[in-house]
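Colleague: Fold the following for me, if possible:
(chains A and B, ligands or ions: 5)
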Amino acid sequence: MTRVVTLKIDDIDATGREDETVLEVAIEHGIQIPRLCALEGLTPVGACRLCLVEVAGSSKLLPACTTYVTEGMVVTTNSERLKKYRRMTIELLFTEGNHVCSVCVVNGRCELQNLAIRLGVDHMRIPYLYPKRIVDASHERFALDPNRCVLCTRCVRVCGEIEGAHTWDLMSRGIDSAVITDLNMPWGDSETCTACGKCVQVCPTGALFEKGMAVGEMTKRASFLATLTASREDGR
Amino acid sequence: MASDAVGALPDENGKQRLIVLENAGMIDPEDIESYMAVGGYATFNDVLQSMTPPEVIDQIRNSGLRGRGGAGYPAGLKWSTVGKALGAQKYVVCNGDEGDPGAFMDRSIMEADPHRVLEGMMIAAYAVGASQGYLYVRAEYPLAIKRLKHAIKQAEKHGLLGHNISGTPFSLSLQVRLGAGAFVCGEETALLASIEGRRGQPRPRPPYPAESGLWGCPTLINNVETYANVVPILREGAEWFAGIGTERSKGTKVFALSGRIARTGLIEVPMGITLREIIYDIGGGIPDGRKFKAVQTGGPSGGCIPAAHIDTPVDYESLKQVGSMMGSGGMIVMDDSSCMVDVAKYFLEFCMTESCGKCVPCRVGTAQMHGLLEKICEGEATLDDLEMLEELCDMVTNTSLCGLGQAAPNAVVTTLHFFRDEYMAHIVDKTCPAHVCPVSRKEAVQ
Ligand SMILES: Cc1cc2nc3c(=O)[nH]c(=O)nc-3n(C[C@H](O)[C@H](O)[C@H](O)COP(=O)(O)O)c2cc1C
Ligand code: SF4
Ligand code: SF4
Ligand code: SF4
Ligand code: FES
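Modeller: Ligands and ions are numbered 1, 2, ... in the order given. Here you go, the predicted model:
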């Protein structure tokens, strides 16, 4: 039996089930914790570190997306310290890739861009790394522009966990890490890709997009995921 | 006899104490009989015949043994957590990844006395109720791998591994698993992912492996040297072991002494010995009449301890207090020919290239920090750059997912703390006092 617990998130009295994460319970109570790698319906991985929160009694900051609620927990989601770290995380992401928003298909509808605006990141205090990354437009319907990839691995997870194709994975490590299709073959040559487009819809940035979209034209529709997982649960 | 294995440096003035390395170089590591001739496997048999698992765990707890893989977590507490965890299937894992540059403590133990490691794991498996175990060893250690595999075969032949060992209900099978040499695969959750055949990337803890490890089952993971301490503890008793070392750090620690020091090599010393005793009495001091400057402990995650703290006792808490850590046993001595900014850059670069790339602060933060350090070494940095470097140190330490990122800034933080003047010399005066960095070559041209 999963128990229901009560906790405090930013001075709000909240209730949640033991099998819910701090992030899920916060959202249920109208508190939007910044996040990039977490997406309802996918296994949380705690990779982007944007959702870090302070939990009373813990000396370490904990990712809200992988931390389960407990009875009497006291959570702070928006201290000055957390805001500072989040702004720095966004700066690191912008300087890691090559983000030219003015020519991007998701300009105005990008999760990274929205976070930057929300957190007040309007200029970079650290140098751009200008990596050389090559666009893969070999797929009939979709394209990958790795310059805009934040390595959230949503595409990897949705493809493996939901579609069951496991076309996407990661290669290399550190700053050279990159998402790849199959064994780093052109996406268009992939034998496993079913062209379902789930990865494109869950990608928070303009890294994965539908071909033929003009600047700012692409709206991602990730809500199918929650519906899909819910109906699969019902079918069980 | 195949005793080409490395033993400890000669103990000229009685400062060393050999427990873990007691057999190293004394027995033939490829012959189980040779190990048995010095009492090998007698402890395991005694334990199996006359002790209950909780009694074994009590002995380990009372001995005060702490993990030798880095963090110093109490071994008895971990064993009892795994012992109490619910689950029909449990695992024991030996961490023999040893990724620290210049470290060879665990390699020496595995090569010189492989049965000692196996016997420790067998006792651990009996204590926690595991029936399957893995030794995760980096592929760069072919001799250690060969000897461990050979030792497992011999132990199987002697009925020390397998079903219903010595007619008891206890069964255990051990296997060697090879790592591809990524430093991060020494981190326990990445190591377990690697054993499972997945990409070696850490995951957030909790849940800890003790509760949910290999394939979601309770898993005991300890370091090679931790397991190597198990036999002497049960053979001589917990009180005996607890009598060695300091209040909170019991027993001995093996170190790989290297750098600018007269005698380099493996040493085993009781906890509480001072850095001075190690460097001067055992290591013979600094050669070529140069001045001792700093000693780096704790591997890439550790820090640089300056001459002013040379009387620091070697124990988990004291090393932490001066900004470094025990780590797995690397000890690099530096003299006045080293530039501390350059040293910090070296360790940071190691962490940067070994970052698994999963989380943003470690993946990008270390790369940005490295860029700033290069700028400092080139003599092109400003005080604003230094401020940004310090901001990144704080951010990467506090927001990274695993110990690699959390500790990556340590070399920078400790050198900034103890040798800030050297950073200033590079930034403000545009000189490298040790004449190591590119900035000093520019100076020469002018
Ligand atoms: C980046 C990183 C690398 C590590 N490498 C090793 C290693 O090579 N060997 C090791 O025993 N422990 C290593 N550890 C520590 C392990 O995660 C784990 O704490 C240890 O194996 C537990 O054993 P112990 O309690 O006996 O020390 C590493 C930790 C981190 C964060
Ligand atoms: S993905 Fe596109 S819109 Fe988003 S930040 Fe990058 S360039 Fe800008
Ligand atoms: S391609 Fe998109 S979904 Fe995939 S890792 Fe990059 S940013 Fe995330
Ligand atoms: S801290 Fe570094 S090594 Fe650890 S998970 Fe993050 S990127 Fe990987
Ligand atoms: S959303 Fe929690 S770490 Fe990315």
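
Colleague: So what sits opposite residue B:66 in the bridge?
Modeller: Beta bridges link residue B:66 to residue B:74, judged by DSSP bridges.

Colleague: Might one say that it is in contact with residue B:74?
Modeller: Yes. Residue B:66 is within contact range of residue B:74, at 5.5 Å (criterion: C-beta atoms under 8 Å). (Glycine included, C-beta is placed from N, CA and C.)

Colleague: who's more crowded, these two?
Modeller: Neighbour count, other C-beta atoms under 10 Å in any protein chain shown: between residue B:66 and residue B:74, residue B:66 has more, with 26 against 17.

Colleague: Which residues are in contact with that one?
Modeller: Applying C-beta atoms under 8 Å, 6 or more residues apart in numbering or on different chains to residue B:66 gives the contacts B:72, B:73, B:74, B:75, B:249, B:250, B:316.

Colleague: and of the residues you listed, the nearest to ligand 5?
Modeller: Nearest to ligand 5 out of these is residue B:73 (C-beta to the nearest ligand atom; 24.8 Å).

Colleague: for the closest one, what are its contacts?
Modeller: By C-beta under 8 Å, 6+ apart, the residues touching residue B:73 are B:66, B:67.

Colleague: switch to 10 Å and redo it
Modeller: B:66, B:67, B:208, B:210, B:222, B:226, B:316 (C-beta atoms under 10 Å, 6 or more residues apart in numbering or on different chains).

Colleague: of all those, which comes closest to residue A:92?
Modeller: When those are compared for distance to residue A:92 (C-beta to C-beta), residue B:208 wins out at 28.3 Å.

Colleague: Quick one: end-to-end length of stretch B:205-221, please.
Modeller: 14 Å (C-alpha to C-alpha, to the nearest Å).

Colleague: tell me which parts of chain B are close to ligand 4?
Modeller: B:184, B:202, B:355-359, B:362-363, B:400-402, B:404-405 (C-beta under 6 Å from any ligand atom).

Colleague: Make a markdown table from these and add secondary structure and neighbour count to it.
Modeller: As requested, these are exported to a markdown table (DSSP: H, G, I helix; E, B strand; the rest coil; neighbours: other C-beta atoms under 10 Å in any protein chain shown):
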| residue | secondary structure | neighbour count |
| --- | --- | --- |
| B:184 | helix | 27 |
| B:202 | coil | 25 |
| B:355 | coil | 28 |
| B:356 | coil | 26 |
| B:357 | coil | 21 |
| B:358 | coil | 30 |
| B:359 | coil | 29 |
| B:362 | helix | 30 |
| B:363 | helix | 27 |
| B:400 | coil | 25 |
| B:401 | coil | 28 |
| B:402 | coil | 23 |
| B:404 | helix | 25 |
| B:405 | helix | 28 |
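
Colleague: and which of the residues you listed is nearest to ligand 1?
Modeller: The closest of these to ligand 1 turns out to be residue B:404 (C-beta to the nearest ligand atom; 3.6 Å).

Colleague: The closest one reaches residue B:362, doesn't it?
Modeller: Yes. Counting by C-beta atoms under 10 Å, residue B:404 touches residue B:362, with 6.4 Å between them.

Colleague: Mutual contacts of the two, please.
Modeller: B:184, B:202, B:351, B:354, B:355, B:356.

Colleague: Just put the residues you listed in CSV and tack on distance to ligand 5 and pLDDT.
Modeller: As requested, the shared contacts of residue B:404 and residue B:362 are exported to CSV (distance: C-beta to the nearest ligand atom, whole Å; pLDDT from 0 to 100):
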residue, distance to ligand 5, pLDDT
B:184, 18, 96
B:202, 13, 97
B:351, 20, 97
B:354, 21, 97
B:355, 16, 98
B:356, 15, 97
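
Colleague: Report how many residues lie close to residue 111.
Modeller: Unless you meant another one, I'm taking chain A. 20.

Colleague: hm, I was asking about chain B
Modeller: Neighbours of residue B:111 (other C-beta under 10 Å): 23.

Colleague: Now it: phi and psi?
Modeller: phi -80, psi -40 (degrees, to the nearest 10).
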